[in-house]
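> return atomic coordinates for the entry below.
(one chain, ligands or ions: 1)
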Amino acid sequence: MSVSFCGLDLRHRVINGSGTFDAIAAQRVFGDELYERFPFTAFVSKTITLAPREGNPPPRLWEAQAGLINSIGLPNKGLDRYLSEDLPQLAKLGVPLFTNVMGSTAQELSRLVEACAQFTQITAIELNVSCPNVKTGLDIGADPAQLQKLLSTLRPLTSKPLIVKLTPNASDVPACAQAAESAGADAVSLINTLRASALDPRRAPRASARWLGGGSGGLSGAAIRPVALAQVAAVTERVEIPVIGMGGVQTSRHAQDLIDVGATLVAVGTESFRDPTAAARIALDLDK
Ligand SMILES: Cc1cc2nc3c(=O)[nH]c(=O)nc-3n(C[C@H](O)[C@H](O)[C@H](O)COP(=O)(O)O)c2cc1C
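You can find the predicted model right below:
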């Protein structure tokens, strides 16, 4: 089952989707047993930004028919406290650590990448490019030319593997993957959540009051699985670099589908909320 990914020898193919498993909280609950039976072959941090973020006002979740809309809004303690408080704890997990970062400008992302490059505990950097561009309102990773330019700026700042977490909210996702590869990305991961919204069921007749405090959110879980399969298949056809596939994975069959269309690793996200041992079960079943 061992697999090679960006120069790493990993025990199996299952990792977590950023923001869907809090390893520090899990350690508080399970103690050292978490380290002995850690479900993921590498751990992806939740998204870290330069400055601390509060996240969106509540409500932050909406249960959709076969999935979840979240408008958590990427709350995090900011780069400095991540490095001083979380990194020492995440380094104890005993698996490679991928730190996921997001910035709304190339300068912000450069500072994040430069800082992460200094820490041996960080194995790879995942760039979350699903952040809206302040000028256009589009995700910063939605335009292949812009993404290529961004990667050309970031690539020289580190020798660590750079994984680009593509936005699915783009008109040509494979072109974005190709642009990232041509500017030196070591891998791409997809899919992030699909833009989605829900109305307040208690609203007045014909009013359009939104349920989520953030207005809109991102859809994940089983509902997005066929979209993920299509996007992962289209991207693996266009790039040579390894692909991390995710979106609605609940069983080893779903993981195998992504592997069969060319994914090297598979990430489990929303399913871990329902069953925190899902990734271990999926890795074991894949092995069988
Ligand atoms: C509650 C929640 C929080 C998330 N936070 C992040 C995040 O901080 N950074 C990120 O890149 N993706 C984040 N994601 C997206 C997931 O990593 C993943 O790409 C997406 O949920 C699709 O996989 P899934 O259907 O298995 O959940 C989040 C998803 C959920 C449901």
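> and the longest helix along the chain, what's buried?
When the chain is parsed with DSSP state H, its longest helix is helix 225-238. Neighbour-count burial for helix 225-238 flags Arg225, Ala228, Leu229, Gln231, Val232, Ala233, Ala234, Val235, Thr236, Arg238 (criterion: 16 or more other C-beta atoms under 10 Å). The C-beta positions use only the backbone N, C-alpha and C, and glycine is treated the same way.
> does that helix come close to the ligand?
No - Helix 225-238 does not reach the ligand (C-beta under 6 Å from any ligand atom); its nearest approach is 7.1 Å.
> which other residues reach that helix?
166, 168, 173-175, 177-178, 188, 190-191, 194, 243, 245-249, 254, 257-258, 261-263 (C-beta atoms under 8 Å, 6 or more residues apart in numbering).
> return the subset of those lying in strands.
The strands, defined by DSSP state E, take in Val188, Leu190, Leu194, Val243, Gly245, Met246 from the contacts of helix 225-238.
> for the ligand, tell me which of those show up nearby.
Among the ones in strands among the contacts of helix 225-238, the ligand is touched by Met246 when using C-beta under 6 Å from any ligand atom.
> output the ones in strands among the contacts of helix 225-238 in a markdown table, with distance to Pro201 and pLDDT appended to each entry.
As requested, the ones in strands among the contacts of helix 225-238 are exported to a markdown table (distance: C-beta to C-beta, whole Å; pLDDT from 0 to 100):
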| residue | distance to Pro201 | pLDDT |
| --- | --- | --- |
| Val188 | 38 | 98 |
| Leu190 | 32 | 98 |
| Leu194 | 21 | 96 |
| Val243 | 38 | 98 |
| Gly245 | 34 | 98 |
| Met246 | 30 | 98 |
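> in a markdown table, list the ones in strands among the contacts of helix 225-238 along with neighbour count and distance to Pro132.
Output for these, formatted as a markdown table (neighbours: other C-beta atoms under 10 Å; distance: C-beta to C-beta, whole Å):
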| residue | neighbour count | distance to Pro132 |
| --- | --- | --- |
| Val188 | 30 | 20 |
| Leu190 | 24 | 18 |
| Leu194 | 20 | 15 |
| Val243 | 26 | 24 |
| Gly245 | 29 | 24 |
| Met246 | 31 | 21 |
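> identify, from the ones in strands among the contacts of helix 225-238, the entry nearest to the ligand.
Met246 (4.4 Å; C-beta to the nearest ligand atom).
> check which helix or strand the closest residue in space to that closest one that isn't next to it in sequence maps to.
Distance criterion C-beta to C-beta, 6 or more residues apart in numbering; nearest residue to Met246, sequence neighbours excluded, is Ala267 at 3.7 Å. Using DSSP states H and E, Ala267 falls within strand 265-268.
> what residues does the stretch 1-150 of the chain put near the ligand?
Residues of the stretch 1-150 of the chain lying near the ligand (C-beta under 6 Å from any ligand atom): Gly17, Ser18, Gly19, Thr20, Lys46, Thr47, Leu68, Asn70, Ile72, Leu74, Asn100, Asn128.
> burial of the second one, as a residue count?
As a burial measure, the neighbour count of Ser18 was computed by other C-beta atoms under 10 Å and equals 26.
> for the residue lying closest to it once chain neighbours are set aside, give the beta-bridge partners.
Leaving out its chain neighbours, the residue that sits closest to Ser18 by C-beta to C-beta, 6+ apart is Asn100, at 4.2 Å. Legend: beta-bridge partners of Asn100 under DSSP bridges are Glu126.
> and Asn100, what's its pLDDT?
Asn100 is assigned 98 on the pLDDT scale.
> pretty sure Thr270 sits against Gly221.
Yes - here Thr270 reaches Gly221: they are 4.0 Å apart, a contact under C-beta atoms under 8 Å.
> between the two, what contacts are shared?
Common contacts of Thr270 and Gly221 (C-beta under 8 Å, 6+ apart): Gly67, Leu68, Gly248.
> much appreciated, bye for now.
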